[in-house]
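> Next comes the sequence, and after it the predicted model I'd like to discuss.
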Amino acid sequence: MSDWPFEYQIDSPDVNLAMCVRSGQVFRWRIRGHLHWGVIAGAAFVIEVDGNRWHVQSNANPSECRRIFGIDVDQTQLWAKILAGDFGLADALKECYGLRMITQDDPVETLFSFLCSANNHISRIEGMVNCLSEYGEVLGEWSGKTWRVFPSLDVLTCIGESELRAKGFGYRAPRISQCAKRALELGGIDWLNHLKTIPADEAMEQLQLLPGVGPKLAECVALFGLGHQSVVPIDTHMWNATTRRYFPELLGTSLTDSRRNLVRDEFRRRFGDLAGLAHQVVFVDEMRNWRLRR
């Protein structure tokens, strides 16, 4: 008998769990065959995917699971709206069928996860995020594992630079406590949650008051952690993909602030409030195929 609070099955014909947790939205997940496990905010999951059915063990009940992974979202309607903005995305949409924007309720975890992502590769990001999560409070002991929430801002301020340097954080080591302290000065978790309620561009400006947070990081936090669905995170991969699709005259040029705004405005013009999801489709397609396009 399992010691998890909840065990249940969910039919999820339109959600590709592996794609969702491997699309750069979250970093505390592992996959082994059909088994997926990880934590999103305070919800821990072990999910075995069997075709269209998920066998779930979690401290989150079925309705919370459905909300977090967007299981009840109409995939056909979403894809039709994106296709209306750019029919040229048909192949990418087919390849990305089952992708969802994961609902993350803890902006602190999202903020510090992406603070670890700057100039970094995915396995190292995951290592750093999991390292920080070890400072969080224990959710419970299930399936032979200790599950933890991500640490609070107060806890993050107390993690020493030398301690993180010893764990491989490099130049990011001092930024963890510095960013946490500044966030607390601005109002802490209440301030971060308030950023969910204001216009997206204003929220991104506010986020850049934090040390180590530039435009790209602010875009990621606004989209994935604050729920601003019209935000388009733009890095070199996205710049290359966007110029190839929409601005061929700019192919081979560098990404600048004005060109960042150009991409943002183009995605919003085409896709409206689904600009963030359209970005994810383009990003996943680009990362899958970029070697073929070099």
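That came through, no problem. Residues are numbered from 1 along each chain as shown.
> ok, which stretches of the stretch 51-200 of the chain are strands?
Using DSSP state E, counting those that start in this stretch, the strands of the stretch 51-200 of the chain run over residues 53-58, 138-142, 145-148.
> list the buried ones in the helix or strand of the chain with the lowest mean pLDDT?
Least confident helix or strand, the chain: helix 275-293 with a mean of 82, by mean pLDDT, DSSP states H and E. Buried residues in helix 275-293, counted by 16 or more other CB atoms under 10 Å: 275-287. All C-beta atoms are positioned from the backbone trio N, CA, C, and that covers glycine.
> How about stretch 256-265?
In terms of neighbour count (16+ other CB under 10 Å), stretch 256-265 has its buried residues at 259-260, 262-264.
> mean confidence for that stretch?
Across stretch 256-265, pLDDT averages out at 94.
> now what about it, what contacts it?
The contact list for stretch 256-265 (CB atoms under 8 Å, 6 or more residues apart in numbering) reads 215, 231-232, 234, 238-239, 242, 247, 250, 253, 275.
> Let's see that with 6 Å instead.
232, 234, 242 (CB atoms under 6 Å, 6 or more residues apart in numbering).
> on that earlier part again, comparing the strands of the stretch 51-200 of the chain, which comes out most buried?
Ranked by average neighbour count under the criterion mean count of other CB atoms under 10 Å, the strands of the stretch 51-200 of the chain are headed by strand 53-58 at a mean of 19.
> Beta-bridge partners for the residue lying closest to residue 60 once chain neighbours are set aside, please?
In space, and not counting its chain neighbours, residue 60 is closest to residue 43: 3.8 Å by CB to CB, 6 or more residues apart in numbering. With DSSP bridges as the criterion, residue 43 is bridged to residue 40.
> Please apply the same query to the one 5 residues further on.
Counting by DSSP bridges, residue 48 forms beta bridges with residue 35, residue 55.
> rewinding a little: so can I have TSV of the strands of the stretch 51-200 of the chain showing mean pLDDT?
Below are the strands of the stretch 51-200 of the chain laid out as TSV (pLDDT from 0 to 100):
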stretch	mean pLDDT
strand 53-58	96
strand 138-142	93
strand 145-148	94
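> Please convert the ones you listed to CSV, extending it with distance to residue 27.
CSV is the format used below for those (distance: least, CB to CB, whole Å):
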stretch, distance to residue 27
strand 53-58, 19
strand 138-142, 17
strand 145-148, 14
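> picking that back up, out of the contacts of stretch 256-265, which are inside helices?
Mapping the contacts of stretch 256-265 onto helices (DSSP state H) picks out residue 242.
> now, among the contacts of stretch 256-265, which is nearest to residue 271?
Of all those, the one with the least separation from residue 271 (CB to CB) is residue 232, at 8.9 Å.
> Near residue 207, how many other residues are there?
As a burial measure, residue 207 scores 25 neighbours (other CB atoms under 10 Å).
> in what helix or strand does the nearest residue to it once chain neighbours are set aside lie?
Of all residues not flanking residue 207 in the chain, residue 218 sits nearest, at 4.0 Å (CB to CB, 6+ apart). Residue 218 is part of helix 215-220 when elements are defined by DSSP states H and E.
> which residues are in contact with that helix?
With contacts defined as CB under 6 Å, 6+ apart, helix 215-220 is touched by 114, 204, 207-208, 231, 233, 235.
> Separate out the buried members of those residues.
114, 204, 207, 231, 233.
> Generate TSV for these, with pLDDT as supplementary columns.
Below are those laid out as TSV (pLDDT from 0 to 100):
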residue	pLDDT
114	95
204	97
207	98
231	97
233	96
